[in-house]
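>>> 3D, please:
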Amino acid sequence: MSHVPTTASASRRPRPVSGPLTELLTHLAHAHRVPGAQLAVHVDSVTHTAHTGHADAATGEPFTAEAAVPIGSVTKTYTATALMILVADGDIDLDDPVADHVTELRHVPRFTVRQLLGHTAGLPTGPDSDEAAALSTTRYLSAHCAAADAVGAPGSGFSYSNAGYVAAGRVVEAVTGMPWGQAVRTLVFEPLGTVPAFVGDRSPRRPVAGGHSVHPSTGRALPVRQTLAPVEAPAGALLASALDLLALGRVVAGHGPASVLAPEVAEEMRRPVAGADPGVLADGWGSGLALFREGTTLWCGHDGNAQGTSCHVRAEPELGAVVAFTCNGGNGTELWHALADGLAAITGLRVPTAARVPERGRAVPLPQCAGTYRNGALEYRVTADAEGALALSVGGDTPAPLVCYPDLTCDLVEPDSGRHLPGGRFLRDPHSGAVDRVQISGRTARRTTDV
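Predicted coordinates:
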C-alpha cells in the first residue's frame, strides 16, 4: 500500500515529542473546557503518552495514564476483534449466516457475520437505553430486529446499528459458550495485558474517570451517570485508557501480538465490506473498523461517545502508527479535531478524524426530499418551506435547518453557532431513481410517506 511520506517516516530524525504532546493536550483541554484527557501516540516504534486534568471534577482526583474511561462505541471494535479471533480459530466464518448461530434472528432476512460487523445487515439502530433497560438479549433481538424493522436488504447499504452489535455479542456468546463480558476478557483483554472494566462495575479493578457535562456559559463541569442498558454491553459497555486503545489499534493494524490476532486476520478485518458506504462517519467500513483516507494512506479505527466522554483511536497499518485519545468531557470531540491538527506539527502524523467532504457547489432547495422516514421506532421528519428549504426533526425534536446540495448531501445547522456540520444525505432507489431513504450521521431511515 502506498502512503504519503510524513516528516516522521521520511527523515526518522529523533524529535522531542512527549513534552510538546503534554503541553498541547493541556492547552486544548483547558480551551475546550474538558475536565481531563489522555493521549497515546505510537510512531517510529516508540510510544509517547500524555495526560492532564481531573478524573472527577467534583473531587479533584487527578486523571492518570491508568484511568479507564467509558469508551462508548469503541467497544464495538473489541467485540469485532473477539469475533475475528473466533474466525481465525475456525469456530465461525465471516460469511456464515448469523441466524445459524442466533436463533432469535431466524425470521429476519438472512445476513452474514461480515455484514453484521460492517453495519450492512439492514438492522435498525435499536431502542434507546431506557427502553432497553429491562430487556434480555432474546427479548431485545426479537422485539427490535424483526423483518418489518429492516432498513434495507442485507448488503444493500450501510446503517450504523447498536442493535447489530447486540446481535454480534450474542454470536460471541453462542460460539464460545461464555457471557460476552467473560469472552471479551478472555479473548482480547487478558492477552493484551489490559485490565478489563465495564460500565456498571461496582468495584472496578483499576482507576476510572467518569463522564462530565460542561455548562456552555460558566464552564462548570458536573459528573453524569452512564445510562447504557445491560443488554447493550457489546455495543458500548467497556472502559479503557488511551494506552489500552493504542494496544487495540496496534492489533487491528497488524502490528500487535500475533498470538492475539495474526496480521492476515487483521488485514481481513480492515477489508472494506461490500455496500458499506457510511457517509459522514468514515470513508469506508471493515469488519468492526471505520476506514479513513488521508491522501493515499488508509487509516482504520473507531470513535466512541458515552455519557460525557469522547474517545477515538486511529491506526495506520503500513507504518504501524497509532493515535489514541480519551477524555471525560461531553464536548471532547471538538478537542479531538483540534488535537489532530497539533499532532501533525509535533509528530509528522496526519491523522484523519472524519470522512473527506467532497466539493459540492452551491446549496440548493430539495423539496422532493420532504417526507417521513423511519429507522425502527425512530422517526425522521423532513419538512420543506415555501422556497423548498428543508428542516429535520428526529424523534419529535424541534426541527433543525438542513443545507442541501445537488449531490443530495446535506449539512446540519448548529442552532447556537449557526455552523454547518456535514450530517447526511438523501439516497435514491437504484431502480426507480426516487428518493427513498435518508442517512443521518450514518443511520439510514426508509421513506414511509411524503409531506
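>>> Now do the helices in the chain.
Assigned by DSSP state H, the chain shows helices spanning 7-11, 18-31, 75-88, 113-117, 129-132, 137-144, 162-176, 180-184, 190-192, 233-236, 242-252, 263-270, 332-347.
>>> Give me the pLDDT for the nearest residue to Leu86 once chain neighbours are set aside.
The shortest distance from Leu86 to any non-neighbouring residue, by CB to CB, 6 or more residues apart in numbering, is to Ile92 (4.9 Å). Glycine gets a C-beta too; all of them are placed from N, C-alpha and C. As predicted, Ile92 sits at a pLDDT of 97.
>>> Would you reformat the helices of the chain as JSON lines and include mean pLDDT?
Putting the helices of the chain into JSON lines (pLDDT from 0 to 100) gives the following:
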{"stretch": "helix 7-11", "mean pLDDT": "35"}
{"stretch": "helix 18-31", "mean pLDDT": "93"}
{"stretch": "helix 75-88", "mean pLDDT": "98"}
{"stretch": "helix 113-117", "mean pLDDT": "98"}
{"stretch": "helix 129-132", "mean pLDDT": "93"}
{"stretch": "helix 137-144", "mean pLDDT": "94"}
{"stretch": "helix 162-176", "mean pLDDT": "98"}
{"stretch": "helix 180-184", "mean pLDDT": "98"}
{"stretch": "helix 190-192", "mean pLDDT": "96"}
{"stretch": "helix 233-236", "mean pLDDT": "98"}
{"stretch": "helix 242-252", "mean pLDDT": "98"}
{"stretch": "helix 263-270", "mean pLDDT": "97"}
{"stretch": "helix 332-347", "mean pLDDT": "94"}
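>>> closest to Arg220 out of these?
Arg220 lies closest, by CB to CB, to one member of the helices of the chain: helix 18-31, at 14.3 Å.
>>> what does that closest one rub up against?
If you take CB atoms under 8 Å, 6 or more residues apart in numbering as the criterion, helix 18-31 is touched by 34-37, 39, 41, 48-53, 327, 329, 335, 338-339, 342-343, 346-347.
>>> Could you pull out the buried residues of that helix?
Buried residues in helix 18-31, counting neighbours by 16 or more other CB atoms under 10 Å, are found at 20-22, 24-25, 28-29.
>>> for these, which one is nearest Asp411?
Leu28 (24.8 Å).
>>> Who are the contact partners of the residue nearest the centre of the chain?
Nearest to the geometric centre of the chain sits Asp303, at 3.6 Å (CA atoms, centre = their mean). Residues in contact with Asp303 (CB under 8 Å, 6+ apart) are 73-74, 290, 310-312, 333.
>>> of all those residues, which two lie farthest apart?
Ala290 and Ser310 (15.1 Å).
>>> List phi and psi for the residue lying farthest from the centre of the chain.
Going by CA atoms, centre = their mean, the residue of the chain most distant from its centre is Ala386, 37.2 Å out. The phi/psi pair for Ala386 (degrees, to the nearest 10) reads phi -60, psi -30.
>>> Retrieve the pLDDT associated with it.
Looking at Ala386, its pLDDT stands at 94.
>>> Tell me how many other residues surround the spatially closest residue to Glu66 that is not a sequence neighbour.
Spatial nearest neighbour of Glu66, excluding adjacent residues (CB to CB, 6+ apart): Pro207 at 5.5 Å. Around Pro207 sit 17 other residues, with neighbours defined as other CB atoms under 10 Å.
>>> So Pro207 sits against Ala65, correct?
No: counting by CB atoms under 8 Å, Pro207 does not reach Ala65; the two are 9.6 Å apart.
>>> just to revisit the earlier point, beta partners for the residue nearest to the centre of the chain?
His312 (DSSP bridges).
>>> Going forward, count from 33.
Let's use 33 as the start, then, which means that last one is Asp335.
>>> and the gap between it and Cys401?
According to CB to CB, to the nearest Å, Asp335 and Cys401 sit 27 Å apart.
>>> again, but for Gly361
35 Å.
>>> before we move on, back to that, between the contacts of Asp335, which is nearest Asp439?
Among the contacts of Asp335, and counting by CB to CB, the member closest to Asp439 is Ala322, at 21.6 Å.
>>> With adjacent residues omitted, what lies nearest to the closest one?
With sequence-adjacent residues excluded and distances taken as CB to CB, 6+ apart, Ala322 is closest to Ala314, at 3.7 Å.
>>> Glu299 now?
Gly286 (6.0 Å).
>>> Tell me, how many residues neighbour the one you found?
Gly286: 21 neighbours (other CB under 10 Å).
>>> List the residues that contact it.
Going by CB under 8 Å, 6+ apart, Gly286 touches 293, 295-296, 298-299, 349.
>>> Of these, keep whichever come out buried.
With burial judged by 16+ other CB under 10 Å, the buried subset of the contacts of Gly286 is 293, 298, 349.
>>> can you redo these as JSON lines with distance to Asn194?
Output for the buried ones among the contacts of Gly286, formatted as JSON lines (distance: CB to CB, whole Å):
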{"residue": "Leu293", "distance to Asn194": "24"}
{"residue": "Ala298", "distance to Asn194": "24"}
{"residue": "Pro349", "distance to Asn194": "27"}
